[in-house]
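> Sequence and predicted structure, then a few things I'm wondering about:
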Amino acid sequence: MANISAVTLNNGIIMPQLGLGVYQVKDGDEVEAAVLAALQSGYRLIDTASLYGNEIGVGRAIKASGIPRQEIFVTTKLWNDDQGYDAALAAFDVSLKKLDMDYVDLYLIHWPSPKRGLYVETWRAFEEIYRQGRAKAIGVSNFHQPHLDTLLESATITPAVNQIELHPDLPQLELRAYCQKLGIIVESWSPLGGGGGSLLDQPVLATIGQRYGKSPAQVVIRWHIQNGLVVIPKSSHAERIQQNIDVFDFELSAADVELINGLAADNRVGPNPETATF
Ligand code: A2P
């Protein structure tokens with residue numbers, strides 16, 4: 001089984017560098033089958049969110065796997081409507097209940113939602129949850145530099161992770177450098193460029209893949225890993241779930257990493273956190 005590499009968060013917690021993302025995977029049979037397939041293929045990180053509506057299925061599949069809870073790294077996220085100190089504490093209880101767990105490994109503020117002006121207050125609730133040991137690490141998602149700066153003005157705990165849209169054609173170089181300076185691990189969402197994107201059709205990825213006997217998706221996942229990012233490709237197909245973890249038996253050459261870096265552009269497939277209206 002694949003030997004998944006790991007990163008160490010700023011509080012010493014070890015996080016696998018590759019996991020399964022379950023955005024848009026339906027609760028019930030679909031998510032349970034995907035999470036089980038992932039765990040049986042060797043995944044030990046599952047990334048869900050309150051918004052995804054599938055925390056119940058994620059929790060069930062983890063139990064059904066028979067793998068001890070402490071061997072699996074579970075992330076969930078607070079939805080924007082639940083920002084604010086009291087609302088965040090209440091929403092966290094609901095997530096834990098749905099997951100049927102007594103802790104999560106990582107709890108993230110899903111979006112800064114600057115129009116609400118509540119993420120600083122929300123973070124105070126996150127610090128409380130962390131101190132209670134009910135989240136082993138806390139972090140943010142979709143935070144840009146100004147949001148991080150505002151948060152850190154009053155935070156007593158620096159976020160462990162910032163999960164952002166990131167793929168070779170949206171490499172987020174400046175934000176990555178800023179997070180690195182702050183000791184924040186960057187996690188890539190839509191690491192394959194998203195379902196509707198054309199990243200995986202770029203001929204250079206197929207050419208590189210042929211050198212290693214790997215698919216374009218595997219080449220891109222490996223690029224994230226070699227960049228020190230945590231990567232959570234989504235798939236609801238067992239065959240692709242298995243394919244996406246089969247990336248620990250080869251190493252892209254520096255020249256091939258450079259070729260992939262050459263795809264750099266500004267191809268955002270999701271909303272821009274600064275202008276998002278939700
Ligand atoms: P599916 O769920 O039907 O397998 P991202 O994680 O960047 O958002 O990308 C997810 C999209 O990429 C989904 O549409 C998923 O489709 C597809 N996908 C996941 N793994 C692979 C793969 N190995 N090869 C091709 N497409 C993939």
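Sure, I can see it.

> I'd say Asp82 and Leu51 touch.
No. The pair Asp82 / Leu51 is not scored as a contact, 9.9 Å apart, by Cβ atoms under 8 Å. In short, each C-beta sits where N, CA and C put it, glycine included.

> More neighbours: which of those two?
Asp82 (23 against 18; other Cβ atoms under 10 Å).

> where along the chain do the helices fall?
For the chain, the helices defined by DSSP state H occupy 29-41, 55-65, 85-99, 119-131, 145-154, 173-182, 203-212, 216-226, 238-245, 254-261.

> What residues of stretch 271-278 count as buried?
Counting neighbours by 16 or more other Cβ atoms under 10 Å, one finds that the buried residues in stretch 271-278 are Pro273.

> Other residues contacting it?
80, 111-115, 142-144, 146-147 (Cβ atoms under 8 Å, 6 or more residues apart in numbering).

> what residues does the stretch 101-250 of the chain put near the ligand?
190-195, 200, 215, 217, 233-237, 240, 243-244 (Cβ under 6 Å from any ligand atom).

> out of those, which are buried?
190-194, 200, 215, 217, 233-236, 240, 243-244.

> So which of these sit within strands?
Judged by DSSP state E, these include no members of strands.

> Tell me which of the residues you listed has the lowest pLDDT.
By pLDDT, Gly194 ranks lowest within those, coming in at 84.

> what's the closest non-adjacent residue to that one?
Val269 (3.8 Å; Cβ to Cβ, 6 or more residues apart in numbering).

> Now do that neighbour: how many residues are near it, please.
Neighbours of Val269 (other Cβ under 10 Å): 16.

> Tell me how far it lies from Ile232.
15 Å (Cβ to Cβ, to the nearest Å).

> which residues touch the closest residue to Val31 other than its chain neighbours?
In this structure, Val31 finds its nearest non-sequential neighbour in Gly57, 3.7 Å apart by Cβ to Cβ, 6+ apart. Gly57 makes contact with 27-32, 35, according to Cβ under 8 Å, 6+ apart.

> again with Gly19
When contacts are counted by Cβ under 8 Å, 6+ apart, Gly19 touches 43-47, 73, 75, 230-232.

> at 6 Å instead, please
45, 47, 232 (Cβ atoms under 6 Å, 6 or more residues apart in numbering).

> quick one: low-confidence parts of the stretch 101-250 of the chain?
196-197 (pLDDT under 70).

> Rebuild the helices of the chain as a markdown table, extending it with distance to Tyr23.
Output for the helices of the chain, formatted as a markdown table (distance: least, Cβ to Cβ, whole Å):
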| stretch | distance to Tyr23 |
| --- | --- |
| helix 29-41 | 11 |
| helix 55-65 | 12 |
| helix 85-99 | 15 |
| helix 119-131 | 21 |
| helix 145-154 | 21 |
| helix 173-182 | 20 |
| helix 203-212 | 22 |
| helix 216-226 | 16 |
| helix 238-245 | 14 |
| helix 254-261 | 24 |
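
> among those helices, which is nearest Val22?
helix 29-41 (5.6 Å; Cβ to Cβ).

> Buried residues, the closest one. List them.
Here helix 29-41 shows 31-39, 41 as buried, counting by 16+ other Cβ under 10 Å.

> ditto for stretch 127-140
Those would be 128-130, 134-140, for stretch 127-140 by 16+ other Cβ under 10 Å.

> Could you tell me the end-to-end distance of that stretch?
Distance across stretch 127-140, first residue to last, is 12 Å (Cα to Cα, to the nearest Å).

> what's in contact with it?
Stretch 127-140 is contacted from outside by 9, 11, 13, 92, 103-109, 126, 157, 159-162, using Cβ under 6 Å, 6+ apart.

> same deal with stretch 206-217?
By Cβ under 6 Å, 6+ apart, stretch 206-217 touches 192, 200, 205, 219, 250, 256.

> Thought Val219 was touching the third one, still the case?
Yes. Proximity of Leu205 to Val219 meets the contact threshold set by Cβ atoms under 6 Å, at 5.1 Å.

> Name the residues linked to the closest residue to the ligand within the stretch 1-150 of the chain by a beta bridge.
Using Cβ to the nearest ligand atom, the single residue of the stretch 1-150 of the chain nearest to the ligand is Gly21, 5.7 Å away. On the basis of DSSP bridges, Gly21 is bridged to Asp47, Lys234.

> Done for today, thanks.
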